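Participant: Please work out how this folds:
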Amino acid sequence: MTHRETPATGAHGLGISAGAFVAAFTASPTPMVLTDPRQHDNPIVWANEAFLSLTGYAWEEISGRNCRMLQGPETDPRAVRRLRDAVIAGRPIEIELVNYRKDGTSFWNGMTVAPVRDETGQIVHFYSAQADMTGKYRTEVAMKDAHDELERRVGEQTAHLRAALEQKTALLHEVDHRVKNNLQVISSLMLLKARRTPRGEAKDALQGMAERIGALSTVHRMLYSTGDVTRFDLREFADDFVSELVAGLDTDRTAVSAEIDSIAVSAAMAAPLALMLHELATNAVRHAFPDSRPGRITISAQRSDDGLRMLIEDDGVGLAGGTPNPAGFGRSLVEMVVRQLRGVIAWSDVAPGTRVEILVPLDAISLQSPITDRAPGPEWASP
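Facilitator: I've put the predicted structure just below:
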């Protein structure tokens, strides 16, 4: 190609002629252009074939014109202002902006613009190397579009899942509400029957079963009233249960205290744990203090490395001092529940009173079969 001016490059210091530099830049596949700020409007005074090929212009069409000729409707004015400010300040700049070819097609032009100074430090030219970044931007746009589409689909799927979860939660709430109501009705019927039954084993059995069903009803009431139907706070149940238990006692004669950690257990563990706690506490109230004997019952439950540790103690007559009850069901029920929770239980006479220790793994609940009346193994056997 024909260039109009040879730039000052300091080639003599390298032992290379300025013409050699010009020949190298001319043959370079990188688009290059040179402007002269000493002339009016800083016109183009040299360009290589790669630049002409990139822009689609012939040398005669760009010679003497300012590079702004490549700008168009989509060229960012902010980028143009940054470029102009750098040229005025005589400092180098790297920038990307939209330029236009002769045929009107746009492309992203990534350019490095730097001043060229003579021996006195005066700027005699501005040199710019260019690169077509259109492919990069198309890739970025395609990736952004794909990302936006993915986000849209994820958002839709999340909305569907959230709606399904809300529907499931509402259904579980409704189930708990209905179960609670049904259990309350059954408990009320059994209490009504117990009041009309003569004193004896039948009356006691009806009364006991009504209370157990009432405890289960309380569990479902709590599950219904909480936001998370999959979790159950043991302390909330214990507080509620102890309040109801104490309400029916002569507190001057029998004192009940509880220290229960706020332990979130799975909903599947709620019913068996509540039933077990109810059974042990009510049995202590009924059998530990015969003949109006005063006493104290303490209930505690804490989380440990092994799981949930529960302790129920009283200072009553103890296991050996109690009246035998061949029809009794409470102890067998507790042991069956503990076994189903894959826990261990230990009954102890502590003179005075009885101590019951239970350890249940919090993450090992399995309630795939109903409670069955099978003989406990030696690890659950009574002392």
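
Participant: elements contacting the lengthiest strand in the chain?
Facilitator: Of all segments of type strand in the chain, defined using DSSP state E, the longest is strand 106-117. The helices and strands touching strand 106-117, judged by 3 or more Cβ pairs under 8 Å, 6 or more residues apart in numbering; DSSP states H and E, are helix 77-89, strand 93-100, strand 123-132, helix 134-195. C-beta coordinates here come from the backbone N, C-alpha and C atoms, glycine included.

Participant: and that strand, how far from the chain's centre?
Facilitator: Centre-to-centre, strand 106-117 and its host chain are 47 Å apart (Cα atoms, centre = their mean, to the nearest Å).

Participant: now the angle from it to strand 123-132?
Facilitator: Here strand 106-117 runs at an angle of 150 degrees relative to strand 123-132 (axes from the mean of the first three to the mean of the last three Cα atoms, to 10 degrees).

Participant: Can you tell me the strand partners of strand 106-117 and which way each runs?
Facilitator: Applying DSSP bridges, strand 106-117 is found paired with strand 93-100 (antiparallel), strand 123-132 (antiparallel).

Participant: out of those strands, nearest to residue 262?
Facilitator: When these are compared by Cβ to Cβ, strand 93-100 sits nearest residue 262, at 57.9 Å.

Participant: Quick check: the gap between residue 122 and residue 116.
Facilitator: From residue 122 over to residue 116 the distance is 10 Å, taken as Cβ to Cβ, to the nearest Å.

Participant: which of these two has more neighbours?
Facilitator: Legend: neighbour count by other Cβ atoms under 10 Å for residue 122 and residue 116, higher for residue 116 (18 against 13).

Participant: Quick check: the gap between the more buried one and residue 312.
Facilitator: Following Cβ to Cβ, the distance that separates residue 116 from residue 312 is 92 Å.

Participant: hmm, back to that, I'd like the helices and strands packed on strand 106-117 as CSV, with distance to residue 300 and mean neighbour count appended.
Facilitator: Shown next, in CSV, are the helices and strands packed on strand 106-117 (distance: least, Cβ to Cβ, whole Å; neighbours: other Cβ atoms under 10 Å):
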stretch, distance to residue 300, mean neighbour count
helix 77-89, 69, 13
strand 93-100, 69, 17
strand 123-132, 74, 19
helix 134-195, 27, 13
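
Participant: Same list, these, but as JSON lines with mean pLDDT please.
Facilitator: Output for the helices and strands packed on strand 106-117, formatted as JSON lines (pLDDT from 0 to 100):
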{"stretch": "helix 77-89", "mean pLDDT": "94"}
{"stretch": "strand 93-100", "mean pLDDT": "94"}
{"stretch": "strand 123-132", "mean pLDDT": "93"}
{"stretch": "helix 134-195", "mean pLDDT": "76"}
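
Participant: Which one of those lies nearest to residue 213?
Facilitator: Closest among the helices and strands packed on strand 106-117, using Cβ to Cβ: helix 134-195, at 4.3 Å.

Participant: Leaving out chain neighbours, which residue sits closest to residue 255?
Facilitator: Among residues not flanking residue 255 along the chain, residue 296 sits closest, at 4.7 Å (Cβ to Cβ, 6 or more residues apart in numbering).

Participant: Can you give the strand pairings for the helix or strand that neighbour falls within, parallel or anti for each?
Facilitator: Using DSSP states H and E, residue 296 sits within strand 295-304. If you go by DSSP bridges, strand 295-304 pairs up with strand 254-260 (parallel), strand 307-314 (antiparallel).

Participant: Tell me the buried residues in the shortest one?
Facilitator: Within strand 254-260, the residues that count as buried by 16 or more other Cβ atoms under 10 Å are 254, 256, 258, 260.

Participant: so the residue lying closest to residue 242 once chain neighbours are set aside bridges to which residues?
Facilitator: Spatial nearest neighbour of residue 242, chain neighbours left out: residue 258 (4.8 Å); criterion: Cβ to Cβ, 6+ apart. With DSSP bridges applied, residue 258 shows beta-bridge pairing to residue 299.

Participant: Enumerate every residue touching residue 258.
Facilitator: By Cβ atoms under 8 Å, 6 or more residues apart in numbering, the residues touching residue 258 are 238, 239, 242, 298, 299, 300.

Participant: Model confidence for residue 65, exactly?
Facilitator: Looking at residue 65, its pLDDT is 95.

Participant: what's the answer for residue 112, then?
Facilitator: On the pLDDT scale, residue 112 gets 94.

Participant: got it, and the one 3 residues further on?
Facilitator: As predicted, residue 115 sits at a pLDDT of 95.

Participant: mind giving me the domain split of this protein?
Facilitator: Here the domain parsing of the chain from automatic domain parsing is 11-132, 135-229, 232-240+247-383.

Participant: on that earlier part again, wait, which of the helices and strands packed on strand 106-117 is closest to residue 35?
Facilitator: Closest approach to residue 35 among the helices and strands packed on strand 106-117 (Cβ to Cβ): strand 123-132, 4.7 Å.

Participant: and the residue nearest to residue 352 when sequence neighbours are not counted, what does it touch?
Facilitator: Spatial nearest neighbour of residue 352, chain neighbours left out: residue 315 (4.9 Å); criterion: Cβ to Cβ, 6+ apart. Counting by Cβ under 8 Å, 6+ apart, residue 315 makes contact with 288, 295, 296, 352, 353.

Participant: Looking at these, spot the one nearest residue 111.
Facilitator: Closest approach to residue 111 among those (Cβ to Cβ): residue 296, at 88.1 Å.
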